[in-house]
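> What follows is a predicted structure for the sequence shown.
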Amino acid sequence: MPKKLYLETVGCQMNVLDSELVVGSLRRQGYQLTETTDDADVILFNTCSVRQHAEDKIYSALGRLRFFKNTRPDAIIGVLGCMAQKDQEIIKKRAPHVDIICGTGQLAQLPTLITAARETGTLQLALSLDRTEARHEVERSFESYDPSRDPSMRPNPFQAFVRIMIGCDKFCTYCIVPAVRGPEQSRPPEHIAAEVRQLAGEGCKEITLLGQTVNSYHHGSSALSDLLARIHDTPGIERIKFITNYPKDMTDDLLHAVRDLPKVSPYLHVPAQSGCNEVLKRMKRMYTVEFYRDMLARCREIVPDVAVSSDFIVGFSGETEESFQKTCDLVRDGKFKNSFIFKYSTRPGTKGHELYADDIAEEVKKRRNNDLLMIQNAASLTDHRAFIGKRVEVLVEGPSKNALKHAAGPLQLTGRTPSDHIVVFDGNPRLIGASIEIDIVDATSFTLFGNAVTGERIGVDEIREDCCEVPSATITKNDRISLPLVG
Ligand code: SAH
Ligand code: SF4
Ligand code: F3S
């Protein structure tokens with residue numbers, strides 16, 4: 001009987017990629033994925049510490065497993081990733097039934113840790129607790145990086161994340177990432193290029209380069225613009241994206257690369273965090289709102305069709321109503337495709353927690369969150385409506401969320417434009433993984449709706465008349481990693 005693995009992932013794309021690699025390594029040991037904990041032999045949580053809410057979710061899930069562990073003492077429970085990295089004492093106290101606590105730089109050791117936990121019945125710890133030690137761990141893990149990734153482990157085999165750097169040295173005062181992901185280190189360009197070639201050889205068409213501050217990438221004399229040029233002509237690769245950008249490191253060279261390299265998506269996620277200089281200063285973001293606005297203008301001047309998205313934190317320590325209104329102004333003027341808006345969550349272990357009180361009431365944070373969301377939604381609607389009447393190219397990703405709920409009738413598919421706009425349309429499931437053209441006829445703040453252009457133009461058979469009902473089995477994500485629920 002194959003052993004069964006249950007894996008739940010929260011957090012950012014880094015964690016999604018880590019989970020993919022964990023599943024790949026355990027599959028090679030004979031594990032199969034299961035979608036419930038009930039029949040699992042190994043239960044793993046790949047965790048996030050960026051906000052309290054993300055941690056609470058994991059403690060609730062671990063709490064629910066206490067009784068399960070009494071009835072199935074042979075099952076192994078592991079906490080992986082960012083929470084493991086920082087909170088091993090709390091995990092031991094709050095969830096003594098956990099068998100493995102494994103940090104982000106030690107995931108390659110999991111098969112051994114599982115065996116040791118099973119054989120000895122004792123807690124297995126694998127962590128790097130100081131930044132210097134973390135540097136060596138990660139250097140080793142870069143060296144031993146196993147690029148034999150299993151395409152079936154990704155939500156879509158034709159899309160893949162590629163880590164180009166890890167860690168962060170920016171130390172924004174609210175943020176726990178530098179503490180849990182260690183120092184910023186860039187991978188050698190030749191390793192990245194080899195991985196991209198390998199992924200392309202396995203049928204991958206779209207790659208997303210990952211880094212906490214991806215545009216700070218630097219290896220020797222190679223910057224991100226050089227790396228993009230280097231991997232651009234990889235046969236089989238159709239689209240290249242990169243996330244997430246740090247405003248100060250948005251160089252003209254990088255923008256020229258986005259403009260001049262046709263496979264690079266004209267999409268930039270560049271979190272602003274606040275529109276108020278006093279708040280930005282306390283956040284230690286190292287730029288002013290004037291700098292950010294100039295950077296936005298520069299992005300649009302050099303790459304005229306670029307779509308920009310952002311992140312904002314509301315209710316950071318000392319954020320007055322006046323400061324918040326400045327953030328509203330930036331969101332009104334910024335013409336962002338979309339923004340992710342978060343209520344400030346104070347993180348023990350950060351400078352922000354040490355230096356500043358978490359002094360904005362929860363109701364005020366909620367109200368500011370809603371207000372900002374409404375302003376952004378109006379801006380997103382304007383951005384999206386500008387596509388009505390236009391023809392866009394879409395990489396088809398799969399059935400829409402709606403289609404997953406109602407499997408009867410014509411199948412609603414979803415995909416993304418090069419600028420990362422989500423498009424929903426009716427079509428044949430054969431189109432999943434293809435790049436097709438869609439005429440946009442309607443839009444909401446979140447989605448474009450359109451009609452697929454017929455076969456001749458897109459090089460496939462007539463697709464609208466060919467719509468079919470898809471048995472739900474073909475559209476569930478059985479045996480795939482769960483998608484992240486960002487905390
Ligand atoms: N490396 C990325 C961000 C990583 S964390 C960057 O620098 O842009 C993703 C987002 O979570 C951040 O952009 C920020 O908006 C939010 N975030 C980080 N720490 C937070 C905290 N303590 N409370 C609320 N939101 C936070
Ligand atoms: Fe966190 Fe700032 Fe680093 Fe982004 S740049 S990961 S927000 S410390
Ligand atoms: Fe990502 Fe959360 Fe860790 S945002 S780096 S999984 S703290």
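Sure thing, it's come through. Ligands and ions are numbered 1, 2, ... in the order given.
> Output the below-cut-off pLDDT ranges for the stretch 351-487 of the chain.
For the stretch 351-487 of the chain, applying pLDDT under 70 flags the ranges 404-409, 454-487.
> hang on, I meant the chain
129-150, 404-409, 454-487.
> Walk me through the domains of it.
Per automatic domain parsing, the domain ranges recorded for the chain read 3-131, 154-265, 275-385, 391-474.
> Give me the nearest residue to Ala95, chain neighbours excluded.
Leu62 (4.1 Å; C-beta to C-beta, 6 or more residues apart in numbering). (C-beta placed from N, C-alpha, C; glycine too.)
> which residues touch that neighbour?
Taking C-beta atoms under 8 Å, 6 or more residues apart in numbering as the criterion, Leu62 is in contact with 45, 77, 79, 91, 94-95, 97-98.
> In terms of helices and strands, where is it?
Mapping Leu62 onto the secondary structure by DSSP states H and E places it in helix 52-71.
> and the helix or strand following that helix, which strands flank it?
For helix 52-71, the following helix or strand on the C-terminal side (DSSP H and E) is strand 76-81. Strands that pair with strand 76-81, judged by DSSP bridges, come out as strand 42-47 (parallel), strand 100-102 (parallel).
> winner for burial among the ones you listed?
strand 42-47 (a mean of 27; mean count of other C-beta atoms under 10 Å).
> CA atoms only for that one - export them in CSV, please.
The C-alpha atoms that make up strand 42-47 are tabulated as CSV, following Å, rounded to 0.1, in the frame of the first residue of the first chain:
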residue,chain,number,x,y,z
VAL,A,42,2.1,12.0,7.0
ILE,A,43,0.4,15.4,7.6
LEU,A,44,2.4,18.5,6.8
PHE,A,45,1.6,22.2,7.1
ASN,A,46,3.7,24.6,5.1
THR,A,47,3.2,27.8,7.2
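> picking up where we left off before, figure out which of the strands paired with strand 76-81 is closest to Arg293.
Counting by C-beta to C-beta, Arg293 lies closest to strand 42-47 out of the strands paired with strand 76-81; the figure is 36.0 Å.
> ok, and what's touching the closest one?
Judged by C-beta under 8 Å, 6+ apart, the contacts made with strand 42-47 from elsewhere in the structure are 3-11, 15, 18-19, 22, 26, 31, 37, 54-55, 58, 61-62, 65, 75-84, 100, 110, 114.
> Check stretch 84-104 too.
Under the criterion C-beta under 8 Å, 6+ apart, external residues in contact with stretch 84-104 comprise 14, 18, 44, 47, 49, 55, 59, 62-63, 65-66, 69, 76-83, 109-110, 113-114, 117, 123-129, 166, 176, 179-182, 349.
> List buried residues within those residues.
The neighbour-count criterion (16 or more other C-beta atoms under 10 Å) marks 14, 18, 44, 47, 49, 55, 59, 62, 65, 69, 76-83, 109-110, 113-114, 117, 124, 126-128, 166, 176, 179-182 among these as buried.
> quick revisit: for ligand 3, find the nearest of the strands paired with strand 76-81.
Closest approach to ligand 3 among these (C-beta to the nearest ligand atom): strand 42-47, 7.1 Å.
> does the closest one come close to ligand 3?
No - among the residues of strand 42-47, none lie within reach of ligand 3 under C-beta under 6 Å from any ligand atom; the closest is 7.1 Å away.
> chain center to stretch 258-278, what's the gap?
Average the C-alpha atoms of stretch 258-278, do the same for its chain, and the two points are 16 Å apart (C-alpha atoms, centre = their mean, to the nearest Å).
> what comes up buried for it?
By 16+ other C-beta under 10 Å, the buried positions in stretch 258-278 come out as 258, 261, 263-277.
> you'd agree Ile240 is in a helix?
No - the assignment for Ile240, made by DSSP: H, G, I helix; E, B strand; the rest coil, is strand rather than a helix.
> so what's it up against?
Remark: with contacts taken as C-beta under 8 Å, 6+ apart, Ile240 is in contact with 206-209, 228, 231-232, 261, 263-265.
> which SS class is His256?
helix.
> give me phi/psi at Arg94?
phi -80, psi -20 (degrees, to the nearest 10).
> I'd like to know how many residues surround the residue of the stretch 201-350 of the chain found nearest ligand 2.
When C-beta to the nearest ligand atom is the measure, the stretch 201-350 of the chain has its nearest residue to ligand 2 at Gln212, with 4.0 Å between them. Gln212 is flanked by 21 other residues according to other C-beta atoms under 10 Å.
> Contact partners for the spatially closest residue to it that is not a sequence neighbour?
Spatial nearest neighbour of Gln212, chain neighbours left out: Cys168 (4.2 Å); criterion: C-beta to C-beta, 6+ apart. Shown in contact with Cys168 (C-beta under 8 Å, 6+ apart): 175, 177-178, 181, 184, 212-213.
> Of these, which pair is most distant in space?
Using C-beta to C-beta, the two most remote members of those are Cys175 and Glu184, lying 13.0 Å apart.
> Tell me which of the two has more neighbours.
With other C-beta under 10 Å as the criterion, Cys175 and Glu184 differ in neighbour count, and Cys175 comes out ahead with 22 against 19.
> which residue packs closest to that one, ignoring adjacent ones?
Thr350 (6.3 Å).
> Is stretch 262-282 in proximity to ligand 1?
Yes - Stretch 262-282 lies within reach of ligand 1 by C-beta under 6 Å from any ligand atom, at 271, 273.
> Doesn't Val162 lie inside a helix?
No - counting by three-state DSSP, Val162 is not part of a helix but strand.
> What residues are bridge-paired with it?
When assigned by DSSP bridges, Val162 has beta-bridge partners Leu209.
> just checking, it touches Arg197?
No - counting by C-beta atoms under 8 Å, Val162 stays clear of Arg197, with 11.0 Å between them.
> ok, the two, which is more surrounded?
With neighbours defined as other C-beta under 10 Å, Val162 and Arg197 compare such that Val162 has more, 23 against 16.
> Give me the distance between that one and ligand 2.
Val162 sits 18 Å away from ligand 2, going by C-beta to the nearest ligand atom, to the nearest Å.
> likewise Arg66?
33 Å.
> same thing with Thr447?
Counting by C-beta to the nearest ligand atom - Thr447 and ligand 2 are separated by 28 Å.
> repeat for Gln32
For Gln32, the distance to ligand 2 (C-beta to the nearest ligand atom) stands at 35 Å.
> Contact partners for that residue?
When contacts are counted by C-beta under 8 Å, 6+ apart, Gln32 is found next to 2-5, 479.
> Pick out the most distant pair among the residues you listed.
Across these, the longest distance by C-beta to C-beta is 14.1 Å; it joins Lys3 and Asp479.
> about what we covered before: just the closest of the contacts of Leu62 to ligand 1, please.
Nearest to ligand 1 among those: Phe45, at 18.9 Å, using C-beta to the nearest ligand atom.
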